[in-house]
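> One predicted model, sequence on top.
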Amino acid sequence: MDKVKISIDGQQIEVDEGTYVLEAAKTLGIEIPTLCYYPYMVPYAACRICCVEAHSAGGWSKIVTACNYPVWDGLEILTDTPRVINARRTNLEMLMANCAPVPVLQRLAEQLRITEPRWKTGSNYTCILCGLCVRICDEVVGAHALAFINRGAKRDVSTPFQLDSESCILCGACAKHCPTGHIRMEEIENRYIVHQEMNLSPNAAITLPFRQAVPNVPQIVRENCIHFKTGGCTVCSKVCPKDCIDYEDSPKSEEVEVGAVVIATGFDSFDPTPMKQYGYGKYPNVISSEEFEVMNNAAGPTGGKIVMENGEEPRAIAILHCIGSRDHNYHKYCSRVCCMYSLKFSHLVKEKTSAEVYQLYIDMRAFGKGYEEFYERILDEGVNVIRGKGAEVVPSGYRQHEEGHLIVRCEDTLIGKYREIPVDMVILSTAMEARRDAKEFGRKFNISTGADGWFIEAHPKLAPVSTTTEGIFLAGACQGAKDIPDSVAQGGAAAAQAMKLMAQGEVMMDAAYAVIDEAFCSGCKMCNDMCPYTAISFDDAKKVSAVNSALCKGCGTCVAACPAGAIMARHFTDEQIYAQIEGILA
């Protein structure tokens, strides 16, 4: 595209021919006010606040709107002359005459030194009829859910025929770009935040799968993307400087040949909904530990503020330990991390709010380096610790409502008394539990899961990261509940074991494995189906089964199952067993 030279407020600049004045001014850092401009639509100049003065080499000058006036060679633009300021004032006063004094118009009025609009201001109506919402819904989103209705003084923005529109996909684009806030996205019950709808991972249309994803590359979530709902909105492809956006791309599966596998599938957080006594999902300010973590995050929906669903700061918070763990009805084991992250929550609450904090625990298990010292620090900060598991959470009565919206009932075992604690918020420190698909996933790698669902290691002390299947290693919380330092240490150990295996070149095999005597094999294939390590295959040419000694672990399943007695385990033959028995009895 050809370049042209123009001047804006005396500054020379070279831009592409056809560029609009507003965009050229932004390049120079010159701000021109506007209310209806959106860079990914053809400009409409509805508000006319962006007017500037254009001069040509021939001597003529005129007032033009910067957002839709294309530049040409030799054009001179002035943005702050008395003529321009007067035009902006007049246009703004006409907008204010029909609109309530919303903040954006008041700020512009202050910039243009308008103290009293000539035609006064509107009363309750907050729309300036710029049409930005209608055009974004049509041209960008492609939903066609908004339209202008009526004419003249009764002109307004509404859904087609003023009926509930099924075309609206609740994307919120109209509300986000409405300059006066006339269109708003509101929660149906007017709640400031809905704790149960918060998520640890981002939920935008283009996002990373999770914050520590490897590779750290964003992807389009089709369920949230406007383009895949309406066929419109290709803004991301327009702004991407590397042309990386491909709407036709789809997930692909690849087969990779590897020498070792490290399984680090993690854990699931216990869902406290079945524990009806705590009111999770019933009372709005009873939240899980994950939901509190999201709320406390500076990049979260509250900007890191600790608030209740009505947007107010809580006066008192109770943190209940061992929800789902150390419980014979759910998980008997200790999740190991709950005590310490509950103490961390107390510290954060004390740091960010003036709320009273109550810790209700069974046993305080501060076992790691520096953990006991942190526990003492929490006590010094004034956190109330109560030895006794929270029994029940109920709404507060009329008399106690001024102290808290919820009542936590418990027994303080240190003083031997029943207590009722009024609080505004309850945080449930939920258990770590094995992933729901762990057993099915383990079958793919021929590894077992225990009674609690965690993957079983080869030996709890001598081989804590190995499994009974050679080349398959475990790392992190998929093997059992553990905290970050232990997960990192186990991950390093698993990586070292995998590297050791690959660096050896040759693998030492166990001397004990099954062999098949082809003379006795009838070709029934029973052993093929029973082998848990898929180490037995069928030779179609010989019509007999054969054992792959590299895969066989000598478990003896096939030996016991063979109806013809054609399979024997090396070093565990009948003759050897009989000889051992005779030696014992001799």
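Noted; the coordinates are in hand.

> where are the low-confidence patches of the stretch 1-150 of the chain?
Residue ranges of the stretch 1-150 of the chain with pLDDT under 70: 1.

> Quick one: the helices in it, in order.
21-28, 82-97, 103-111, 132-135 (DSSP state H, counting those that start in this stretch).

> Following element in sequence after the lowest-mean-pLDDT helix or strand in the chain, please.
When each helix and strand of the chain is scored by mean pLDDT, DSSP states H and E, strand 206-207 comes last, with a mean of 84. Next in sequence after strand 206-207, counting helices and strands by DSSP states H and E, comes strand 219-220.

> For that next one, which strands pair with it and how are they oriented?
Strand 219-220 has its sheet partners listed here by DSSP bridges as strand 206-207 (antiparallel).

> who touches stretch 327-346?
270, 275, 289, 292, 296, 319, 321-326, 357, 359, 361, 364-366, 368, 371, 374-375, 378, 381, 383, 427, 429-433, 452, 481-483 (CB atoms under 8 Å, 6 or more residues apart in numbering). From N, CA and C alone the C-beta is placed, and that goes for glycine too.

> list the helices and strands the longest helix seen in the chain packs on?
Using DSSP state H, we find that the single longest helix of the chain is helix 484-504. Helices and strands touching helix 484-504, by 3 or more CB pairs under 8 Å, 6 or more residues apart in numbering; DSSP states H and E, are strand 261-263, strand 472-474.

> same question for the first one, mean pLDDT?
The predicted model assigns strand 261-263 a mean pLDDT of 96.

> burial of Gln155, as a residue count?
One thing to correct before we go on: residue 155 is Arg, not Gln. 12 (other CB atoms under 10 Å).

> again with the one 5 residues further on
Using other CB under 10 Å, Pro160 has 12 other residues around it.

> nearest residue to it other than its sequence neighbours?
Ranked by CB to CB, 6 or more residues apart in numbering and with sequence neighbours excluded, the top spatial neighbour of Pro160 is Ala147, at 5.1 Å.

> pretty sure that neighbour is touching Arg155, no?
No - using CB atoms under 8 Å, Ala147 is not in contact with Arg155; the gap is 11.2 Å.

> so which of the helices and strands packed on helix 484-504 gets nearest Lys62?
strand 261-263 (70.5 Å; CB to CB).

> strand partners of the helix or strand that the closest one is followed by, parallel vs antiparallel please.
Using DSSP H and E, the helix or strand that follows strand 261-263 in sequence is strand 268-269. Applying DSSP bridges to the sheet, strand 268-269 is found paired with strand 432-433 (antiparallel).

> And the contacts of the strand it pairs with?
By CB under 8 Å, 6+ apart, strand 432-433 touches 267-270, 324-325, 331, 335-337, 452-453, 477, 481.

> which ones are touching the nearest residue to Gln11 once chain neighbours are set aside?
What sits nearest to Gln11 in space, not counting adjacent residues and going by CB to CB, 6+ apart, is Leu28, at 5.3 Å. Going by CB under 8 Å, 6+ apart, Leu28 touches 8-9, 11, 13.

> Turn the helices and strands packed on helix 484-504 into CSV, including distance to Gly404.
Below are the helices and strands packed on helix 484-504 laid out as CSV (distance: least, CB to CB, whole Å):
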stretch, distance to Gly404
strand 261-263, 45
strand 472-474, 44
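
> out of those, nearest to Gly172?
The minimum distance between Gly172 and these falls on strand 261-263, with 40.0 Å, by CB to CB.

> what comes into contact with that closest one?
441, 445, 447, 455, 471-475, 478, 491, 494-495, 498.

> now with 10 Å?
With contact meaning CB atoms under 10 Å, 6 or more residues apart in numbering, strand 261-263 is reached by 438, 441-442, 444-445, 447, 455, 465, 467, 469, 471-476, 478-479, 490-491, 494-495, 497-498.

> Would you show me how to pick out the buried ones of those in PyMOL?
Burial among these is assessed by 16 or more other CB atoms under 10 Å; the matching PyMOL selection reads:
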select buried, resi 438+441+442+447+455+465+467+469+471+472+473+474+475+476+478+479+490+491+494+495+497+498
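
> next one: the least confident helix or strand of the chain to chain centre, how far?
10 Å (CA atoms, centre = their mean, to the nearest Å).

> And for stretch 55-67?
With CA atoms, centre = their mean, you get 51 Å for stretch 55-67.

> Figure out the length between the terminal residues of that stretch.
Start and end residues of stretch 55-67 are separated by 17 Å (CA to CA, to the nearest Å).

> Identify each buried residue in that stretch, please.
Under 16+ other CB under 10 Å, the buried positions of stretch 55-67 are 64-67.

> Can you pull out the low-pLDDT segments for this structure?
In the chain, residues with pLDDT under 70: 1, 187-189, 196-197, 199-203, 398-403.

> And it, split by domain according to the record?
3-111, 132-177, 187-246, 270-433, 438-504, 514-585 (automatic domain parsing).

> Which of the ones you listed sits closest to Glu255?
domain 438-504 (13.4 Å).

> Now for Arg409: which residues touch it?
Per CB under 10 Å, 6+ apart, neighbours of Arg409: 277, 390-394, 418-421.

> And the helix or strand hosting it, what's buried?
Element membership of Arg409, judged by DSSP H and E, is strand 406-412. In terms of neighbour count (16+ other CB under 10 Å), strand 406-412 has its buried residues at 406-408, 410-411.

> That one pairs with which strands, and in what direction?
Paired with strand 406-412 in the same sheet, following DSSP bridges, are strand 392-395 (antiparallel), strand 417-423 (antiparallel).

> what's near enough to touch Cys168?
137, 141, 143-146, 159, 174.

> for Pro103, that is, sorry about that
Pro103 touches 180-181, counting by CB under 10 Å, 6+ apart.

> distance of it from Ile193?
Distance of Pro103 to Ile193, computed by CB to CB, to the nearest Å: 23 Å.

> try Val235
From Val235 over to Ile193 (counting by CB to CB), the distance is 27 Å.

> Who are the packing partners of the helix or strand where Tyr375 lies?
Using DSSP H and E, the element containing Tyr375 is helix 371-380. Helix 371-380 sits against helix 338-352, strand 356-361, strand 384-387, with contacts defined as 3 or more CB pairs under 10 Å, 6 or more residues apart in numbering; DSSP states H and E.

> For that helix, buried residues please.
371, 375, 378.

> Equivalent analysis for stretch 40-49, please.
43-49.

> Just the ones in strands from the residues you listed, please.
Judged by DSSP state E, strands contain none of the buried residues of stretch 40-49.

> okay, these in CSV with distance to Cys527 next?
As requested, these are exported to CSV (distance: CB to CB, whole Å):
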residue, distance to Cys527
Pro43, 76
Tyr44, 77
Ala45, 81
Ala46, 80
Cys47, 81
Arg48, 85
Ile49, 83
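
> which one of those residues is nearest Thr230?
Proximity of the buried residues of stretch 40-49 to Thr230 (CB to CB) peaks at Tyr44, which lies at 21.0 Å.

> correct me, but the closest one touches Cys67?
Yes - the criterion here is CB atoms under 10 Å, and Tyr44 meets it with Cys67 at 7.9 Å.

> Spit out the residues that contact those two alike.
Counting by CB under 10 Å, 6+ apart, the residues touching both Tyr44 and Cys67 are 36-38.

> ok, and the most crowded of these?
Tyr37 (26 neighbours).

> What distance do you get for that one to Glu575?
Applying CB to CB to Tyr37 and Glu575 gives a distance of 92 Å.

> re earlier: looking at the contacts of Arg409, state which has the most neighbours.
Val393 (26 neighbours).
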